[in-house]
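# Sequence first, then the predicted structure, then my questions.
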Amino acid sequence: MSTAYEVLKAAFSKAKPNNVESHKDIYSFILEHFDELSVNEHSPIHALTYAIRRIIHAPSFLSRIPDLLDYLWHVDKFRKRGVEISSQIMTWQKFYKNNVANNGQVRLLSAKEEKMIAGFEDQKKVAGGREAFCECTIRCCRLHIYYLCAAEESCLLPVRLPAFFPGLPRKDGEAERTDQFHWDFSKEERAKLDEAGRQSVLFVKEESEWEQIFETYWKANGWLMDSAYNETFRKKFAARFEPPYDADETVQWIEAYLKRVENMVDRLEGVFNDSKVAETRYSSLSLSALSLDAS
């Protein structure tokens, strides 16, 4: 692992979201060491989580949710790969631990390391990690639909609804539209997503009927459909409709999920680095296996 990689990883970990100076320092460092980072190393998960935190801690959070959903999906790829690697490590650990012919030629995990990595493949914890990802995803989908109803780009509603919720009814002959963040949802996960889609459609229908009444009232008073209308509409909308989820609480959900995956990846990297894995059978499970390019 290069020095540049280590410095960049530390910078991502310490950076405060949307701090202009730290943001400039990180980008300057990347430009200065671009060849070394792009040729010799895979992007650390902290680059991805840094990008996510710049979204969720910004005032424009709700408007950036389509990008956020894709980034979260890639974080879940790190999580899945980490679980897979942990399972492989434990398989080799058990093999060499019980192989009397080993004679110390392959360094085994310490009891502490073995317990830690076994925890990463624990099915209850694995299921909990996946549930957290799905919860974050569904919350973000519904919040973005809520946001669009009063946003300048409300014309995107007919695009976002079928993309976020592929289970919604389609016109005859119309192909299913789906974003990558839920292409690997299980049957049970899709059922939860479909229910979220149904709730979103009901909300859009109710909001549209209310908006029509408000617009009729506005025009009946002879007022212009100008910036004053838009400002008043948004205030009335916020007073009339509560968001499906609290945005701050959703940010906390996302932060907890990011820290969960970061912790797993960092601790696996720590074992590899400290164990000189290039000299052991674990060498095939190096940091590069945690990259987004891993299948």
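Everything's here; your move.
# switch to C-alpha atoms for all contacts and neighbour counts from now on
Noted.
# residue ranges of the helices in the stretch 1-150 of the chain, please?
Taking DSSP state H, counting those that start in this stretch, the helices of the stretch 1-150 of the chain run over residues 3-14, 20-32, 34-40, 45-56, 65-97, 111-120, 123-149.
# Turn the ones you listed into JSON lines, columns for mean pLDDT, mean neighbour count and distance to residue 232.
Below are the helices of the stretch 1-150 of the chain laid out as JSON lines (pLDDT from 0 to 100; neighbours: other CA atoms under 10 Å; distance: least, CA to CA, whole Å):
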{"stretch": "helix 3-14", "mean pLDDT": "76", "mean neighbour count": "16", "distance to residue 232": "41"}
{"stretch": "helix 20-32", "mean pLDDT": "80", "mean neighbour count": "13", "distance to residue 232": "33"}
{"stretch": "helix 34-40", "mean pLDDT": "63", "mean neighbour count": "12", "distance to residue 232": "48"}
{"stretch": "helix 45-56", "mean pLDDT": "90", "mean neighbour count": "20", "distance to residue 232": "26"}
{"stretch": "helix 65-97", "mean pLDDT": "92", "mean neighbour count": "19", "distance to residue 232": "25"}
{"stretch": "helix 111-120", "mean pLDDT": "94", "mean neighbour count": "15", "distance to residue 232": "51"}
{"stretch": "helix 123-149", "mean pLDDT": "98", "mean neighbour count": "19", "distance to residue 232": "14"}
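# out of those, nearest to residue 207?
helix 123-149 (7.5 Å; CA to CA).
# Convert the helix or strand following that closest one to PDB, retaining C-alpha atoms only.
Where DSSP states H and E defines the elements, the next helix or strand beyond helix 123-149 is helix 157-164. What follows is helix 157-164, C-alpha atoms only, in PDB (Å, rounded to 0.1, in the frame of the first residue of the first chain):
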ATOM      1  CA  LEU A 157     -41.600  12.800 -11.000                       C
ATOM      2  CA  PRO A 158     -42.800  10.700 -14.000                       C
ATOM      3  CA  VAL A 159     -39.100   9.600 -14.400                       C
ATOM      4  CA  ARG A 160     -38.100   9.000 -10.800                       C
ATOM      5  CA  LEU A 161     -41.200   7.100  -9.700                       C
ATOM      6  CA  PRO A 162     -40.800   4.100 -12.200                       C
ATOM      7  CA  ALA A 163     -37.000   4.200 -11.800                       C
ATOM      8  CA  PHE A 164     -37.100   4.100  -8.000                       C
END
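# what about helix 157-164, average pLDDT?
The average of the pLDDT scores along helix 157-164 is 94.
# Would you mind identifying the next helix or strand past that helix?
helix 187-220.
# helices and strands around that next one, which ones?
On a contact count with 3 or more CA pairs under 8 Å, 6 or more residues apart in numbering; DSSP states H and E, helix 187-220 meets helix 123-149, helix 157-164.
# ok, now with 7 Å
helix 123-149 (3 or more CA pairs under 7 Å, 6 or more residues apart in numbering; DSSP states H and E).
# Next, the angle from the helix it packs on to helix 187-220.
Helix 123-149 runs at 20 degrees relative to helix 187-220, counting by axes from the mean of the first three to the mean of the last three CA atoms, to 10 degrees.
# can you state the direction angle for helix 123-149 and helix 157-164?
170 degrees.
# and the direction of helix 123-149 versus that of helix 65-97, what angle?
170 degrees.
# roughly how far out does helix 123-149 sit from the chain middle?
Helix 123-149 has its C-alpha centroid displaced from the chain centroid by 9 Å (CA atoms, centre = their mean, to the nearest Å).
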